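# Fold the following.
(2 chains)
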Amino acid sequence: GAVVSQHPSRVICKSGTSVKIECRSLDFQATTMFWYRQFPKKSLMLMATSNEGSKATYEQGVEKDKFLINHASLTLSTLTVTSAHPEDSSFYICSAVGTSGVYEQYFGPGTRLTVT
Amino acid sequence: SQQGEEDPQALSIQEGENATMNCSYKTSINNLQWYRQNSGRGLVHLILIRSNEREKHSGRLRVTLDTSKKSSSLLITASRAADTASYFCATRRLSGTASKLTFGTGTRLQVTL
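Numbers count the residues shown, from 1 in each chain, chains lettered A, B, ... in the order given. Now for the predicted structure:
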């Protein structure tokens, strides 16, 4: 099946710094990638939809200047958490859909961000 | 905002028993999917059921969909300890994967020996 990877799997950073999370589709081309955020024991909340070569579409309440998304190629999307604060600590999951029009989304393993 | 509500929020059963999780949603959908998530891990796609389907099977999984009640159920038969995980339903309103997948609140399943 299709594989989506995320890097890093865990990251700890200090308040005020920026952190970049990468999401890669390893064996397929992804025209669309989604970024989700998940709090402990909660569901996934969609943050933004990223299309290759165009600006991301952010969900209501998500600060686009704080969560920068770049979908530079058909296999890579990045999420940069700028000026991180402890409340940004969360589990971030990306998801990718292929160009073949299949119904399934493929999810990455997630990145655990801890801001101290 | 989240569209789906799942119940129960948590379910504890013994190995060999069946586990049933329910999902309700609010708007019309194109398809509904069930995912599994082990603690601290990503999601694994389990099964997809389209809006014109009523029931679907995959191994020990059985999914039903009632669009008139806007609800779905996931049945895991003969549960195993390895089935311990959180299970989420997710709905897609439109056809095509570029439309949003909206997740339910999830059911945490614990299967004990």
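# What's the end-to-end length of stretch B:53-62?
Stretch B:53-62 stretches 13 Å from its first residue to its last (C-alpha to C-alpha, to the nearest Å).
# Briefly note if that stretch comes near chain A.
No - contact of stretch B:53-62 with chain A (C-beta under 8 Å from any C-beta of the partner chain) is absent, the minimum separation being 12.3 Å. (Each C-beta comes from the backbone N, C-alpha and C, glycine too.)
# ok, and for that stretch, which residues are buried?
B:61-62 (16 or more other C-beta atoms under 10 Å in any protein chain shown).
# With stretch A:69-86 instead?
Across stretch A:69-86, burial judged by 16+ other C-beta under 10 Å covers A:69, A:71, A:74-79, A:81, A:84.
# Which one of the residues you listed is nearest to chain B?
Distance to chain B, by C-beta to the nearest C-beta, is smallest for A:H71 among the buried residues of stretch A:69-86, at 12.7 Å.
# mind listing what that closest one touches?
Neighbouring residues of A:H71 by C-beta atoms under 8 Å, 6 or more residues apart in numbering or on different chains: A:33, A:50-54, A:56, A:77.
# just checking: which of the residues you listed also lie near chain B?
When the contacts of A:H71 are checked against chain B using C-beta under 8 Å from any C-beta, the ones in range are A:N51.
# Wait, A:W35 touches A:T78, no?
No - between A:W35 and A:T78 there is no contact under C-beta atoms under 8 Å: 9.7 Å.
# and for those two, which residues touch both?
Residues within reach of A:W35 and of A:T78 at once, by C-beta under 8 Å, 6+ apart, are A:23, A:69.
# CSV for the contacts of A:H71, including secondary structure and pLDDT?
Listed next are the contacts of A:H71 as CSV, based on DSSP: H, G, I helix; E, B strand; the rest coil; pLDDT from 0 to 100:
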residue, secondary structure, pLDDT
A:M33, strand, 92
A:S50, strand, 89
A:N51, strand, 85
A:E52, coil, 83
A:G53, coil, 82
A:S54, coil, 84
A:A56, coil, 92
A:S77, strand, 94
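# Generate a PyMOL selection restricted to the buried subset of the contacts of A:H71.
Here is the PyMOL selection string for the buried members of the contacts of A:H71, based on 16+ other C-beta under 10 Å:
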select buried, chain A and resi 33+50+52+56+77
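# Just name the closest of the contacts of A:H71 to chain B, please.
Nearest member of the contacts of A:H71 to chain B, counting by C-beta to the nearest C-beta, is A:N51, at 7.8 Å.
# May I have the residues that are in contact with residue 76?
Picked chain A for this. A:22-25.
# The chain in question should be chain B.
Shown in contact with B:I76 (C-beta under 8 Å, 6+ apart): B:18-20, B:60-61, B:83, B:109.
# mind redoing it with 10 Å?
B:11, B:13, B:17-21, B:36, B:46, B:59-62, B:83, B:87, B:109, B:111 (C-beta atoms under 10 Å, 6 or more residues apart in numbering or on different chains).
# Distance check, the closest residue to it other than its chain neighbours against chain A.
For B:I76, ignoring the flanking residues on the chain, the nearest one in space by C-beta to C-beta, 6 or more residues apart in numbering or on different chains is B:A19 at 4.5 Å. Distance, B:A19 to chain A, using C-beta to the nearest C-beta, to the nearest Å: 18 Å.
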